[in-house]
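Chemist: requesting a structural model of the entry that follows:
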Amino acid sequence: MLALDILFLVAFCVAMIIGPIAWLRMLKAKNQSAYLKNIAWFVLPILTVFALGELTGAFDQQNLSPPPRVDTGATEGLSWVQVVLLSLAGATWIGGGSLLWFRHTKRVGRPWWTVMNPLKPQFRDFTSKEWAVLGGLAVVALSLGAVAINLGTPR
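Modeler: Predicted coordinates:
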């Protein structure tokens with residue numbers, strides 16, 4: 001067991017070094033194969049740490065005491081109408097946003113894998129129509145979420 005604990009700590013230290021480097025290299029990737037290779041170098045050490053943590057018992061939930069119960073005055077659970085409205089809000093934002101990004105990258109001729117680069121934000125070359133669509137998505141999704149939250153009544 002001691003060997004697994006040491007291996008877990010070494011994997012954690014290696015992941016802390018390799019992860020940020022691979023992430024930065026992923027952002028600077030010039031082609032899709034370099035992008036995917038650097039994603040693998042980012043994800044695999046992290047997954048290794050989680051796997052070794054499970055094997056060594058580092059994430060053992062049975063030894064933890066339950067969190068203290070705090071009465072916030074909130075209701076227990078959501079009604080089906082709230083669930084539907086919140087699901088529609090999420091689907092509108094995620095689905096509509098994904099379609100917007102797809103059409104934008106296709107319009108400007110960029111590969112799909114360049115969208116995740118925060119050093120080159122996609123917003124800088126949005127057209128007014130794309131800004132309007134993004135604003136409309138935000139208004140619709142936030143409105144659906146607000147209605148869903150306001151439908152919650154204390155019991």
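Chemist: Val70: helix or strand, and which one exactly?
Modeler: Counting by DSSP states H and E, no helix or strand carries Val70.
Chemist: for it, report the pLDDT, please.
Modeler: We have a pLDDT of 73 for Val70.
Chemist: could you do Lys129 as well?
Modeler: As summarised for this prediction, Lys129 has a pLDDT of 95.
Chemist: would you confirm that Ala15 contacts Pro45?
Modeler: Yes. In terms of Cβ atoms under 8 Å, Ala15 counts as a neighbour of Pro45; the distance is 3.7 Å. Yep, even glycine has a C-beta here, placed from its N, CA and C like the rest.
Chemist: break the protein into its domains for me.
Modeler: 2-56, 80-150 (automatic domain parsing).
Chemist: start and end of the shortest one, how far apart?
Modeler: This stretch, domain 2-56, spans 9 Å end to end (Cα to Cα, to the nearest Å).
Chemist: report the distance from it to the chain centre.
Modeler: 17 Å (Cα atoms, centre = their mean, to the nearest Å).
Chemist: pLDDT of it, averaged?
Modeler: 89.
Chemist: cool, stretch 86-93 as well?
Modeler: Stretch 86-93 comes out at a mean pLDDT of 95.
Chemist: so what touches it?
Modeler: If you take Cβ atoms under 8 Å, 6 or more residues apart in numbering as the criterion, stretch 86-93 is touched by Leu78, Leu137, Ala138, Val140, Ala141, Leu142, Leu144, Gly145, Ala148.
Chemist: in it, what's buried?
Modeler: Neighbour-count burial for stretch 86-93, counted by 16 or more other Cβ atoms under 10 Å, picks out Leu86, Leu88, Ala89, Thr92, Trp93.
Chemist: tell me which element the second one falls in.
Modeler: Spelled out, it's Leu88. Assigned by DSSP H and E, Leu88 belongs to helix 80-108.
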